[in-house]
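1. Any chance you could fold what I've pasted below:
(one chain, ligands or ions: 1)
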Amino acid sequence: MTLTPKPGVLDIAPYVGGRATVSGVKNPIKLSSNESALGPSPKALEAYEHAAKSVSIYPEGSAQMLRDAIGETYGLDPSRIVSGNGSNELLTLLANAYLRPGDEVLFSEHAFLVYRLAALSNSGVPVAAPEKDLRVDVDVMLAHVSSKTRIVYLANPNNPTGTYLTGDEVRRLHAGLGPDTLLVIDAAYAEYVRRNDYENGMELAARFANVVMTRTFSKVYALAGLRVGWAYCPAPVADVLHRVRDPFNVSVPAQYAAAAALRDHDHVQRSVEHNERWRAWITDAVRAAGLVVADSVGNFLLIRFPHRPGKTAADADRFLCGCGLILRGVANYGLPDCLRLTVGSEAANRRVAAALAEFMARP
Ligand SMILES: Cc1ncc(COP(=O)(O)O)c(C=O)c1O
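-> This next block holds a predicted model:
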């Protein structure tokens, strides 16, 4: 007898985050993990430093103070909010709690990788529905629903494509699911979206017993290193998550910094405006260099490179790294011709634009 993990676990390729270093390059610019260009609110950092005095005591396990702050900000009932060690933890906990071996987990072709990991680590069966033009297609998603579909994960907007579904489309997806299928709307980039037809999923989660919306402090709030996320859930789902989460899953400094970040509306506004301005600028610049970019509503762009030798995504990645610019290869998302670029500071964006123009212009 040898010690073996549950079926599915060894099919998991460990998640690899965006690179942060390039050998031989001092202080490269990291644009590989969709982190915020402006960094966190100074008020969040102040709260973090203040909380450092309390690190010898355990956190309040349910993160009541943070859940109250979230409830106050969004007009939500805190008892239906569950905080997590990043939204990642919550996405995984939902699978841990609701999947039985052999249950299917549905997501779209180029969806965030964690959904597949959550399925496989629970002996579930990942089902990827093809996308059309890098967009989730509701009809194709619904055509892949079966009696075994237990969880449908929808990243809205999606990473790494940057595309989104409208509120109407999400409602149509939900309407096609049975009451024993959970729709998880992962709205990690919701704050960046400025489209009238976009909805973050909060209302669906408020109304239906089988919809959860997840959010994160890692993106617009720039607290990725602290690991804080939250889910807005039907009351019975919140109850379940509180049973299966780690007893102290959000640290004291994380709770205080997140609550302060949430209340610094001006900083969030500045971050969104910076993103809006520079996402448009860098999209134009990358297109002017002769590359294809999908319209993105997030804080990142998906850039498609030609198949021509010397001009491929892998060639571009090498060239950019040599210039001290780290983007993200997305071959593991089924997009081997693409690199994902996080919208950076003005200086970083200008350097990327110049480097890509040089890369495309050279013989
Ligand atoms: C779509 C999406 N969901 C969730 C996450 C996880 O965020 P975190 O665990 O940092 O809250 C990410 C991170 O990149 C993401 O892109």
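2. Name the residues of stretch 112-127 that come out as buried.
-> Residues of stretch 112-127 classed as buried by neighbour count (16 or more other Cβ atoms under 10 Å): 112-127. In short, each C-beta sits where N, CA and C put it, glycine included.
3. now it: mean pLDDT?
-> Stretch 112-127 shows a mean pLDDT of 97.
4. Please narrow the buried residues of stretch 112-127 to those residing in strands.
-> When DSSP state E defines the strands, the subset of the buried residues of stretch 112-127 inside them is Val125, Pro126, Val127.
5. Make sure Ser33 is actually in contact with Ala224.
-> Yes - in this structure Ser33 lies within contact range of Ala224 using Cβ atoms under 8 Å: 7.1 Å.
6. near the ligand too, which of the buried residues of stretch 112-127?
-> Subset of the buried residues of stretch 112-127 in contact with the ligand: Phe112, counting by Cβ under 6 Å from any ligand atom.
7. follow-up on the earlier one: just the closest of the ones in strands among the buried residues of stretch 112-127 to the ligand, please.
-> Pro126 (15.9 Å; Cβ to the nearest ligand atom).
8. For that closest one, give me its contacts.
-> The neighbourhood of Pro126, defined by Cβ atoms under 8 Å, 6 or more residues apart in numbering, consists of Glu104, Val105, Phe107, Tyr115, Arg116, Ala119, Leu120.
9. just Cys338 next, same as before
-> Cys338 makes contact with Pro160, Leu302, Ile303, Arg304, Phe305, Ala313, Val330 under the criterion Cβ under 8 Å, 6+ apart.
10. backbone phi and psi for the single nearest residue of the chain relative to the ligand, please?
-> Taking Cβ to the nearest ligand atom, the ligand has its nearest neighbour within the chain at Gly86, 2.8 Å off. For Gly86, the backbone dihedrals (degrees, to the nearest 10) come out as phi 80, psi 160.
11. Verify the contact between it and Gly225 for me.
-> No - in this structure, Gly86 sits apart from Gly225 without contact. The criterion is Cβ under 8 Å, and the distance is 10.1 Å.
12. List the ones among the contacts of Pro126 that fall in helices.
-> Here DSSP state H is the test, and the contacts of Pro126 give Tyr115, Arg116, Ala119, Leu120 as lying in helices.
13. sorry, back to before: out of the contacts of Cys338, who's the most crowded?
-> Highest neighbour count within these, by other Cβ atoms under 10 Å: Pro160, with 28 neighbours.
14. For that one, which non-adjacent residue is spatially closest?
-> Taking Cβ to Cβ, 6 or more residues apart in numbering as the measure, Pro160 lies nearest to Arg340, with 4.5 Å between them; neighbours along the chain are not counted.
15. which residues does that neighbour contact?
-> Arg340 neighbours (Cβ under 8 Å, 6+ apart): Ser32, Asn34, Asn159, Pro160, Phe300, Leu301, Leu302, Ile303, Leu327, Arg328, Val330.
16. could you dump the residues you listed to CSV with distance to Arg350, secondary structure and pLDDT?
-> Output for the contacts of Arg340, formatted as CSV (distance: Cβ to Cβ, whole Å; DSSP: H, G, I helix; E, B strand; the rest coil; pLDDT from 0 to 100):
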residue, distance to Arg350, secondary structure, pLDDT
Ser32, 18, coil, 94
Asn34, 19, coil, 96
Asn159, 24, coil, 97
Pro160, 23, coil, 97
Phe300, 17, strand, 98
Leu301, 15, strand, 98
Leu302, 20, strand, 98
Ile303, 16, strand, 98
Leu327, 15, coil, 97
Arg328, 20, strand, 96
Val330, 23, coil, 96
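17. quick one: which of those is nearest Pro179?
-> Distance ranking of these against Pro179, using Cβ to Cβ, places Asn159 first at 28.6 Å.
18. and the gap between that closest one and Thr216?
-> For Asn159, the distance to Thr216 equals 11 Å [Cβ to Cβ, to the nearest Å].
19. Would you mind listing what in the stretch 51-200 of the chain touches the ligand?
-> Of all the residues in the stretch 51-200 of the chain, those lying near the ligand are Gly86, Ser87, Asn88, Phe112, Ala155, Asn159, Asp186, Ala188, going by Cβ under 6 Å from any ligand atom.
20. Can you check the residues you listed and name whichever has the most neighbours?
-> Using other Cβ under 10 Å as the neighbour test, these are led by Asp186, with 30 neighbours.
21. quick one: contacts for it?
-> Listed by Cβ under 8 Å, 6+ apart, the contact set of Asp186 reads Ser87, Leu91, Phe112, Tyr153, Leu154, Ala155, Asn156, Thr214.
22. Touching, Pro236 and Phe208? I think so.
-> No - here Pro236 lies out of contact with Phe208, judged by Cβ under 8 Å, at a distance of 11.9 Å.
23. Buried residues, stretch 158-171. List them.
-> Judged by neighbour count using 16+ other Cβ under 10 Å, the buried positions of stretch 158-171 are Asn158, Asn159, Pro160, Thr161, Gly162, Thr163, Tyr164, Leu165, Gly167, Glu169, Val170, Arg171.
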